[in-house]
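1. Sequence and predicted structure are below.
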Amino acid sequence: RQSRSLYRIPAIQCLQDRYMTILSKKSAEDYKKQNYSERMARTGRPVSPHVTIYAFPIMALSSITNRITGIALSGIAGGMGLMELTCGSGSVLSLMQDIGTMSTLAPLAKITLGFSFTYHYLGGLRHVYYDKLPDKLTNVNAEQTSYALYATSALISGGLLLL
């Protein structure tokens, strides 16, 4: 008697009436060959918004910037090491002196390298802070520190430009 009463519950009844689509290997391959835009046009539904119209939160931008500056600094350090190994001792120093004498390239190189190093370093300090005090990691605090990280890095790299 009790098992019959379970069939009367709408959720259980819904589970019994559920149909599944089973795709064969060939139909799955055909489905993959179809163009995404054509498939969406046939459904009659609008295509979902793309990343270009999505407003990233400042915390996401901060994370992306930290990764990009880390990759840039690693590439620069690796390139300088490779240049020293292949071109001989003092070749990086000579390159830096040549860049320093160029009136347009020198400030651009200083601000780019200064911002990358400062941002990545301060971002690492913020990470250590949140590791030590995880209760301080809130959405509001992360947003505030992201803005502060951008502003501080811009000010310090601007100061380094004047050196």
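-> Looks like it arrived, so ask away.

2. From now on I want contacts and neighbour counts done on CA atoms only, so please keep to that.
-> OK.

3. Ramachandran angles for residue 44?
-> Note on residue 44: its backbone torsions stand at phi 80, psi 0 [degrees, to the nearest 10].

4. Quick check, pLDDT for it.
-> Turning to residue 44, the model gives it a pLDDT of 77.

5. Then residue 47?
-> Per-residue confidence (pLDDT) for residue 47: 66.

6. Residue 9 now?
-> 50.

7. One more: the one 3 residues further on?
-> According to the predicted model, the pLDDT of residue 12 comes to 50.

8. Skipping its backbone neighbours, what lies nearest residue 122 in space?
-> residue 149 (6.9 Å; Cα to Cα, 6 or more residues apart in numbering).

9. brain fart, residue 80
-> Closest to residue 80 by Cα to Cα, 6+ apart is residue 92, at 6.2 Å.

10. What helices and strands are in contact with the helix or strand harbouring the one you found?
-> Using DSSP states H and E, residue 92 sits within helix 91-101. Here helix 91-101 touches helix 58-87, helix 105-132, going by 3 or more Cα pairs under 8 Å, 6 or more residues apart in numbering; DSSP states H and E.

11. out of those helices, deepest packed?
-> helix 105-132 (a mean of 17; mean count of other Cα atoms under 10 Å).

12. who does that helix touch, helix- and strand-wise?
-> Against helix 105-132 (3+ Cα pairs under 8 Å, 6+ apart) you get helix 58-87, helix 91-101, helix 139-162.

13. right, and those - which one's nearest residue 115?
-> For residue 115, the closest of the helices and strands packed on helix 105-132 is helix 139-162, at 5.0 Å, according to Cα to Cα.

14. Okay, angle between that closest one and helix 105-132 too, please.
-> 150 degrees (axes from the mean of the first three to the mean of the last three Cα atoms, to 10 degrees).

15. related to what we said a few turns ago, would you list the helices and strands packed on helix 91-101 in a markdown table and tack on distance to residue 40 and mean pLDDT?
-> Output for the helices and strands packed on helix 91-101, formatted as a markdown table (distance: least, Cα to Cα, whole Å; pLDDT from 0 to 100):
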| stretch | distance to residue 40 | mean pLDDT |
| --- | --- | --- |
| helix 58-87 | 29 | 96 |
| helix 105-132 | 41 | 94 |
